[in-house]
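K.L.:
Next come a sequence and a model predicted from it.
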Amino acid sequence: MSVPPSAPGAQSTPASPWPPTSSADFPRIGSLPAYVFAQVNAEKAERVAAGEDVIDLGMGNPDLGTPGHIVEEMVAHARDKKHHRYSASRGIYGLREGMADHYRDRYGVQLDAETEVVVTIGAKEGVAHLMLAILGAGDAVILPSPAYPIHSYAPRFAGGSVLPVPLQGDGQGYVRGDALLDAVEAACRTAGRPPKALLLSFPNNPTTLQAPPGFFERAVEVCRRNRLLLIHDFAYADFGFGDDPPSVLQVPGAKDIAVEFFSMSKSYCMAGWRVGFCVGNPAMVGALTRIKSYLDYGIFQPIQIAAAHALRAGQECVAETRDTYRGRAAALTEGLRAAGWDVPAPRATMFIWAPIPAPFVGTPSIEFARMLLREAGVVVSPGVGFGPEGEGCVRFALIEPEERLREAGARIGRVLRRAKAAA
């Protein structure tokens, strides 16, 4: 089939196959990097299908059920047919007000539920659509790496680019904040075009690092000085195992340049319900609200009502969930250390981030992950899946009870002891 000539003055582009025979024939899909978790996932599926007992600590998919009082609230309203119609893409007012009250009571931050809060279909959707709302073609986002994958992909989906800066710990579970922000300033100085935004996430997935005292104050200063918007993904807000993780919006004046994403997925064990929020700077919240009005009709209304109930009810369930993950982190850390793998104990989140141990140092993380699946029946996430800076590490998700985590440690211990004996 012939292709019509380009219009006068139009830029020529490489011809695409017609008709398309693969998703990769579409330019945006074809430009995406390979999904590095796919091979491990495929091999896991084969082993499970064959009847093997696989301990899956790969994806951070919470196994704890949503607290009963939240489920009951949703069920009660789901029976009412008036809630079966389209909802509001920005979220019902009662839920936005509940989030504003949560920030006031928890962080001492005042938010206008009308202009400074928008409900998202999980934080992941919110981050992706915010990038679509605020980035122009070629705009760059500075991103500490290793990073949660959507933080890297979302700017690219929006026609922008990513400037990675190294994310390093201080050995005590905190990010080396001054080094990170110095790297941000260096990126601003050397970029051919001024970057548009800085995207942070603390407590951090995958590294589990927490922001140290004073970090966000300096981050706001750096962003003001370099005319950067500041976006903070606060998905693990309630999962600090010592001091409470701070909100960037606690910094005086932060709302002038910053927004923060909060998620119900982890704190309230509502991962499948898909409820999140973007709060803070009215211009960015307004831009996300506007673009969502073209793209979705919001979340099923009984879910929103139940989420508002969760925010206003007693918060004991959140503390219980955090303590469960704290206990799981201790169980797996102890098991791996007993196996000779000196993993650092996480200060926060629902993960353990571990350098690949001897005698496997230097083994690509995806090959090490495949070996653990093959030899120990344990699934982990290869660090390279979180960016090149994650190579040399793997991530464990604490999504099994303590007994199973101890079993995972024992299995891995047997593998390490055999490998060391053969070395």
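P.N.:
Yep, it's here.

K.L.:
so where's this structure shaky on pLDDT?
P.N.:
1-15 (pLDDT under 70).

K.L.:
Helices along that one, start to end?
P.N.:
27-30, 38-49, 68-78, 93-107, 122-134, 149-157, 177-190, 215-225, 264-267, 282-295, 301-312, 316-338, 365-376, 402-422 (DSSP state H).

K.L.:
how about the nearest residue to the most centrally placed residue in the chain, chain neighbours excluded?
P.N.:
Centroid-nearest residue in the chain: residue 148, 4.7 Å away (criterion: C-alpha atoms, centre = their mean). Once flanking residues are discounted, residue 148 sits nearest to residue 205: 4.9 Å by C-beta to C-beta, 6 or more residues apart in numbering. Any C-beta I mention is one placed from the backbone N, CA and C, and that applies to glycine too.

K.L.:
Against residue 29, how distant is that neighbour?
P.N.:
For residue 205, the distance to residue 29 equals 25 Å [C-beta to C-beta, to the nearest Å].

K.L.:
and if you look at residue 330?
P.N.:
Distance, residue 330 to residue 29, using C-beta to C-beta: 42 Å.

K.L.:
Likewise for residue 389?
P.N.:
Taken as C-beta to C-beta, the span from residue 389 to residue 29 is 25 Å.

K.L.:
and what of residue 231?
P.N.:
From residue 231 across to residue 29, the span is 25 Å (C-beta to C-beta).

K.L.:
what does residue 180 give?
P.N.:
From residue 180 across to residue 29, the span is 32 Å (C-beta to C-beta).

K.L.:
Those two - which one has more neighbours?
P.N.:
residue 180 (23 against 11; other C-beta atoms under 10 Å).

K.L.:
Please name the bridge partners of the nearest residue to that one once chain neighbours are set aside.
P.N.:
With C-beta to C-beta, 6+ apart as the criterion, residue 180 has its nearest non-adjacent residue at 5.9 Å, and that residue is residue 144. On the basis of DSSP bridges, residue 144 is bridged to residue 165.

K.L.:
my read: residue 144 touches residue 179, true?
P.N.:
No - with contact defined as C-beta atoms under 8 Å, residue 144 does not reach residue 179; the gap is 10.4 Å.

K.L.:
Find residues that contact each of the two.
P.N.:
Listed as contacting both residue 144 and residue 179 by C-beta atoms under 8 Å, 6 or more residues apart in numbering are residue 166.

K.L.:
For these two, indicate the residue with more neighbours.
P.N.:
Each of residue 144 and residue 179 has its neighbours counted (other C-beta under 10 Å); residue 144 has more, 26 against 14.

K.L.:
Walk me through the domains of this protein.
P.N.:
Taking automatic domain parsing as the reference, the chain has its domains at 38-62+317-422, 68-312.

K.L.:
Distance to residue 22 added to those domains, as CSV?
P.N.:
Formatted as CSV, those follow (distance: least, C-beta to C-beta, whole Å):
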stretch, distance to residue 22
domain 38-62+317-422, 15
domain 68-312, 19
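
K.L.:
ok, back up a step: what's the closest of the helices of the chain to residue 357?
P.N.:
Closest to residue 357 of the helices of the chain is helix 402-422 (C-beta to C-beta; 6.5 Å).

K.L.:
Now do that closest one: distance to the chain's middle.
P.N.:
28 Å (C-alpha atoms, centre = their mean, to the nearest Å).

K.L.:
angle of that helix against helix 365-376?
P.N.:
Orientation note: helix 402-422 sits at an angle of 100 degrees relative to helix 365-376 (axes from the mean of the first three to the mean of the last three C-alpha atoms, to 10 degrees).

K.L.:
List the buried residues in helix 402-422.
P.N.:
402, 404, 405, 406, 407, 408, 409, 411, 412, 413, 415, 416 (16 or more other C-beta atoms under 10 Å).

K.L.:
Only alpha carbons, please: show that helix as CSV.
P.N.:
Written as CSV, here are the backbone C-alpha positions of helix 402-422 (Å, rounded to 0.1, in the frame of the first residue of the first chain):
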residue,chain,number,x,y,z
GLU,A,402,6.9,-13.8,59.4
GLU,A,403,7.0,-17.6,59.3
ARG,A,404,7.3,-17.6,55.5
LEU,A,405,9.9,-14.8,55.6
ARG,A,406,12.0,-16.9,58.0
GLU,A,407,11.6,-19.9,55.6
ALA,A,408,12.8,-17.6,52.7
GLY,A,409,15.8,-16.7,54.7
ALA,A,410,16.6,-20.4,55.5
ARG,A,411,16.3,-21.4,51.8
ILE,A,412,18.5,-18.6,50.7
GLY,A,413,21.0,-19.5,53.5
ARG,A,414,21.3,-23.0,52.1
VAL,A,415,22.0,-21.6,48.6
LEU,A,416,24.7,-19.2,49.9
ARG,A,417,26.4,-21.9,52.0
ARG,A,418,26.6,-24.2,49.0
ALA,A,419,27.9,-21.4,46.8
LYS,A,420,30.6,-20.5,49.3
ALA,A,421,31.6,-24.1,49.8
ALA,A,422,32.1,-24.5,46.0
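
K.L.:
Mind listing residues that contact that helix?
P.N.:
With contact meaning C-beta under 8 Å, 6+ apart, helix 402-422 is reached by 55, 57, 327-328, 331-332, 334-336, 338-341, 357-360, 371-372, 375-378, 396, 398, 400.

K.L.:
From residue 388, how far off is residue 33?
P.N.:
10 Å.

K.L.:
Using neighbour counts, trim the contacts of helix 402-422 to the buried set.
P.N.:
For those, a burial check counting by 16+ other C-beta under 10 Å picks out 55, 57, 328, 331-332, 334-336, 339, 341, 357, 360, 372, 376-378, 396, 398, 400.

K.L.:
how far away is the spatially closest residue to residue 227 that is not a sequence neighbour from residue 156?
P.N.:
Spatial nearest neighbour of residue 227, chain neighbours left out: residue 194 (6.5 Å); criterion: C-beta to C-beta, 6+ apart. Separation of residue 194 from residue 156 (C-beta to C-beta) stands at 19 Å.

K.L.:
the more surrounded of the two?
P.N.:
Remark: of residue 194 and residue 156, residue 156 carries more neighbours, 17 against 11, as counted by other C-beta under 10 Å.

K.L.:
So the more buried one sits against residue 150, correct?
P.N.:
No - contact status for residue 156 versus residue 150: not in contact, 10.5 Å apart, counting by C-beta under 8 Å.

K.L.:
Check the burial of residue 318 by counting its neighbours.
P.N.:
Counted with other C-beta under 10 Å, residue 318 comes out at 18.
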